[in-house]
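In: Generate coordinates for the sequence data below:
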Amino acid sequence: MSTTWFPGSSSDLAAALRQVVRGEVDDGTRRRAEYSTDASNYRVVPRVVVAPVDTDDVLAALAVARDAQVLVVTHFAQVAAFADHHVVVSKTVEPYAGSPGGAGAAASGSHMGITVTGVREVTGDERVRELARMLSGQQDSATARQHAVELIEKSLRAASPMATSAPKESAPETSAPETSAVRR
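Out: Below is the predicted model:
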């Protein structure tokens, strides 16, 4: 079930993250299992779950992930904009002849069929469109496209400082939404 992308154990990765992230870094079995029980086909258990408290935490976690060659899974355009390689995962259900109603089962509302998962890298204008979709939830929004371009430009400017993240002070007493899972 696991492939090593980070030399050492999950606790080594968690220790590296704890040095630079003020938010929660959890490598406990229960919390990691919670993140593997989503609607995905593969139920991949992350090595560490990170709950950043602010943008600096996100950048610091991404710097560790980049250095450690760890995948970061997110639904947030603000995080995806900082990716070295942005991939989109899609899932469709295609009807098969053996399903009730045959090839027309999908048209009749039946969800029986073959689940097909696709993964593709997006670059250039396609990446801008994908980030804009993530931001707005719409397929085409001029405002979201402008924001997506701004995010990409910001990520390019921030690329140099990300490699030299300094240790953070302890986290403030606030609760923050969980925004990303650093996965192995």
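In: When you work out contacts or count neighbours from here on, use the C-alpha atoms and nothing else.
Out: OK.
In: Quick one: mean pLDDT for stretch 152-163?
Out: Mean pLDDT, computed over stretch 152-163, is 71.
In: So residue 77 sits against residue 129, correct?
Out: No - using CA atoms under 8 Å, residue 77 is not in contact with residue 129, being 10.9 Å away.
In: More neighbours: which of those two?
Out: Higher neighbour count among residue 77 and residue 129: residue 129, with 23 against 19, using other CA atoms under 10 Å.
In: Assign the more buried one to helix, strand or coil.
Out: Three-state secondary structure (criterion: DSSP: H, G, I helix; E, B strand; the rest coil) places residue 129 in helix.
In: for it, what are its contacts?
Out: The contact partners of residue 129, taken as CA atoms under 8 Å, 6 or more residues apart in numbering, are 139-140, 145, 148.
In: sorry, back to before: overlap of the contact sets of residue 77 and residue 129?
Out: Counting by CA under 8 Å, 6+ apart, the residues touching both residue 77 and residue 129 are residue 148.
In: shaky segments in this protein?
Out: For the chain, applying pLDDT under 70 flags the ranges 1-8, 36-43, 98-111, 159-184.
In: mind listing the strands for it?
Out: Using DSSP state E, the strands of the chain run over residues 24-26, 48-51, 71-73, 86-94, 114-122, 180-183.
In: With respect to burial, which of these scores highest?
Out: The highest mean neighbour count among the strands of the chain, using mean count of other CA atoms under 10 Å, belongs to strand 48-51: a mean of 23.
In: ok, and the most crowded of the contacts of residue 129?
Out: residue 148 (24 neighbours).
In: who's in contact with that one?
Out: Applying CA under 8 Å, 6+ apart to residue 148 gives the contacts 77, 81, 128-129, 131-132, 135.
In: Can you tell me how far the closest residue to residue 134 other than its chain neighbours is from residue 33?
Out: Leaving aside its chain neighbours, residue 134 sits nearest to residue 77 (5.6 Å; criterion: CA to CA, 6 or more residues apart in numbering). Residue 77 sits 24 Å away from residue 33 when distances are taken as CA to CA, to the nearest Å.
In: With residue 82 instead?
Out: 26 Å.
In: which one of those two has more residues nearby?
Out: Taking neighbours as other CA under 10 Å, residue 82 and residue 33 compare with residue 82 leading, 22 against 17.
In: Could you pull up the residues touching that one?
Out: If you count contacts by CA under 8 Å, 6+ apart, residue 82 has them with 62, 152, 155-156.
In: switch to 10 Å and redo it
Out: 58-59, 62-63, 151-156, 158-159, 162 (CA atoms under 10 Å, 6 or more residues apart in numbering).
In: how close does it get to residue 55?
Out: 11 Å.
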